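Undergrad: Pasting the sequence and the predicted model now:
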2 protein chains.
Amino acid sequence: MPQPSAPRKTRGRPPRFSREEVVATARRIVDEDGVDRLTMRRLATEVGSTPMALYHHVRNKEELLLLLLDDHAARTLRRPELPAHPRERIIVAAAAIHEALAACPWIVEVLTADDLMSASALWFVEQIVDGLVECGLTPERAVHGYRAVWYYTAGEIVVRATAARRRADADDADADAYADRATYRERVFADLDPDELPRLARIADDWAPLTAEDTYLDGLRALVDGLLVSR
Amino acid sequence: MPQPSAPRKTRGRPPRFSREEVVATARRIVDEDGVDRLTMRRLATEVGSTPMALYHHVRNKEELLLLLLDDHAARTLRRPELPAHPRERIIVAAAAIHEALAACPWIVEVLTADDLMSASALWFVEQIVDGLVECGLTPERAVHGYRAVWYYTAGEIVVRATAARRRADADDADADAYADRATYRERVFADLDPDELPRLARIADDWAPLTAEDTYLDGLRALVDGLLVSR
DNA sequence: ATGAATTTTTGTACGCGTACGAAAAATAGC
DNA sequence: GCTATTTTTCGTACGCGTACAAAAATTCAT
């Protein structure tokens, strides 16, 4: 007959909580109060433990965030129906990754991973690499092409998210001594010399709204187009 | 006749040091000991003051790093000779920015600025936008095109720099309890299902060396090519 | 000269991530 | 049973960025 409570076989002191529990609690905190409120101390109390106990389940806070990103990808990445044409397949796969990541901009701090290597994202990577190969690229060039797509995608998300954060911070500090000190960009754009920088001077007023537009897909298509005209 | 020591005209208590002094000292610290050693406390003692005094010259550490990036750009960005052909001009300008930034990877933390809007970088932006316009894009599309180039460039630098940092960290922790725990990527690539992910499985062994290659220019050319086939 | 106003500096304090070492709780061999 | 071994937990401590308020140093109005 089976033992009622499976006899432990591991050696040392039994853990009071699991890595999964940590990640789940962290996710709840982030969902409820935002990533800023996720501190090791609070996480510890919410799992009913002490800060340093966490470090036996997680190397450090960065790894925790990485696990959180993983978790997020596994939950929200849904495989879309892919078009038959490989070029469009690449676009759709990349856009799906982009959409999932852009939805949770707190990820930025981790997003700078050298690759989105969450297991659940691999299928998308496969689609992109495969699409590139089917379009005639060698497997090596296809990997490089995928990297280019990833650089572009990660860059877009990071840059936009950071810009948004900075804007929020600046709004917070509305009434203090720095309020009159213009933003970096505003200052620089204020005194453009139309002789030396004619294009920028002419378009200066429209710069902000233009850069606010979401042109991820346009750039992605351009990049993929460029990758496919084999060189 | 001019007064020997120009009489102060500002109202309050005279500052004991200037913002420029702060930035210069910060640059020295970073040059000598690396960006990790740049702390507000150390910076304060090295300018002969206290930590909180810095905050009257600089909004916070992030702004300090931004100023540092500015400073770096102003010092190292040299305007290259530009080819006559606008397409090549775009490439050369973007590559120059990329080179200057990639040279000091500590910038990563700030690089996520929504734009490299250092005054000294504007000339390069102008060249890129102008090149795109000369190739037939509308000014609006040209700005979007520049943004795409910036996303790609910033993404490349951030991703590569973060990967390098992670690698260094992992090497530091060589002998500790986590040593046997494989890297994220290694773990994921270890059990690739060749049926579901055939391309990745076939190329798994070459993934690391392939992604280590510097293909920034290839991707940049592809992106610019794609931007120029007007759509 | 004197007090008000303004700007910069300084001191104190908080919460953060986490290094380090000791304590606790389990198993394995005798 | 007893002790050694192994794994996890916990307490303490450090340096970090920086919020906040008081103090100091200057000019201006009287």
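TA: In hand now; what should we look at? Just so you know, these numbers come straight off a predicted model, no measurement behind them.
Undergrad: So what does residue A:10 look like in phi/psi?
TA: With angles defined as degrees, to the nearest 10, residue A:10 sits at phi -80, psi 160.
Undergrad: and it, how many neighbours?
TA: 7 (other CB atoms under 10 Å in any protein chain shown). Bear in mind the C-beta positions are built from the backbone N, C-alpha and C, glycine included.
Undergrad: Whatever helix or strand residue A:201 lives in: what's the following helix or strand?
TA: Assigned by DSSP states H and E, residue A:201 belongs to helix A:198-212. Next helix or strand after helix A:198-212 toward the C-terminus (DSSP H and E): helix A:216-228.
Undergrad: Which residue, other than its chain neighbours, is closest to the closest residue to chain B within chain A?
TA: Residue nearest to chain B within chain A: residue A:155 (2.5 Å; CB to the nearest CB). Closest residue in space to residue A:155, ignoring its immediate chain neighbours: residue B:155 at 2.5 Å, by CB to CB, 6 or more residues apart in numbering or on different chains.
Undergrad: Let me see the confidence value for that neighbour.
TA: We note a pLDDT of 92 for residue B:155 in this prediction.
Undergrad: Now do the phi/psi pair for it.
TA: phi -60, psi -40.
Undergrad: how much space between it and residue A:108?
TA: 12 Å (CB to CB, to the nearest Å).
Undergrad: So those two - more neighbours on which side?
TA: The neighbour comparison of residue B:155 against residue A:108 (other CB under 10 Å) goes to residue B:155, with 28 against 22.
Undergrad: okay but that one is in contact with residue A:156, surely?
TA: Yes. If you go by CB atoms under 8 Å, residue B:155 and residue A:156 touch, sitting 7.2 Å apart.
Undergrad: how about stretch A:146-165: buried residues?
TA: A:146-163, A:165 (16 or more other CB atoms under 10 Å in any protein chain shown).
Undergrad: same deal with stretch A:126-145?
TA: Within stretch A:126-145, the residues scored as buried using 16+ other CB under 10 Å are A:126-133, A:135, A:137, A:139, A:141-145.
Undergrad: which ones among those residues are found in helices?
TA: Secondary structure from DSSP state H places A:126-133, A:139, A:141-145 of those in helices.
Undergrad: Among the residues you listed, which one lies nearest to DNA strand C?
TA: Nearest to DNA strand C among those is residue A:143, at 31.6 Å by CB to the nearest atom of the strand.
Undergrad: The closest one - nearest residue in space that isn't next to it in sequence?
TA: Nearest residue to residue A:143 in three dimensions, chain neighbours excluded: residue B:210, at 4.6 Å (CB to CB, 6+ apart).
Undergrad: Please name the residues that touch that neighbour.
TA: With contact taken as CB atoms under 8 Å, 6 or more residues apart in numbering or on different chains, residue B:210 is in contact with A:140, A:143, A:144, B:203.
Undergrad: List the buried residues for stretch A:56-63?
TA: Residues of stretch A:56-63 classed as buried: A:57, A:58, A:59, A:61, A:62 (neighbour count, 16+ other CB under 10 Å).
Undergrad: swap in stretch A:62-78?
TA: So stretch A:62-78, judged by 16+ other CB under 10 Å, has buried residues A:62, A:64, A:65, A:66, A:67, A:68, A:69, A:70, A:71, A:72, A:73, A:77.
Undergrad: where's it relative to the chain centroid, distance-wise?
TA: Taking CA atoms, centre = their mean, to the nearest Å, one finds the center of stretch A:62-78 at 10 Å from the center of the full chain.
Undergrad: Spell out whether it and chain B are in contact.
TA: Yes. Against chain B, stretch A:62-78 shows contacts by CB under 8 Å from any CB of the partner chain at residue A:66.
Undergrad: Any part of that stretch near DNA strand C?
TA: Yes. Contact of stretch A:62-78 with DNA strand C (CB under 7 Å from any atom of the strand) involves residue A:62.
Undergrad: Please name the nearest non-neighbouring residue to residue A:194.
TA: Spatial nearest neighbour of residue A:194, chain neighbours left out: residue A:201 (3.9 Å); criterion: CB to CB, 6+ apart.
Undergrad: List the ones among the buried residues of stretch A:62-78 that fall in helices.
TA: Of the buried residues of stretch A:62-78, the ones assigned to helices by DSSP H are A:62, A:64, A:65, A:66, A:67, A:68, A:69, A:70, A:71, A:72, A:73.
Undergrad: and the residue nearest to residue A:143, how far is that from residue A:197?
TA: Here the criterion is CB to CB. By it, residue B:210 lies 39 Å from residue A:197.
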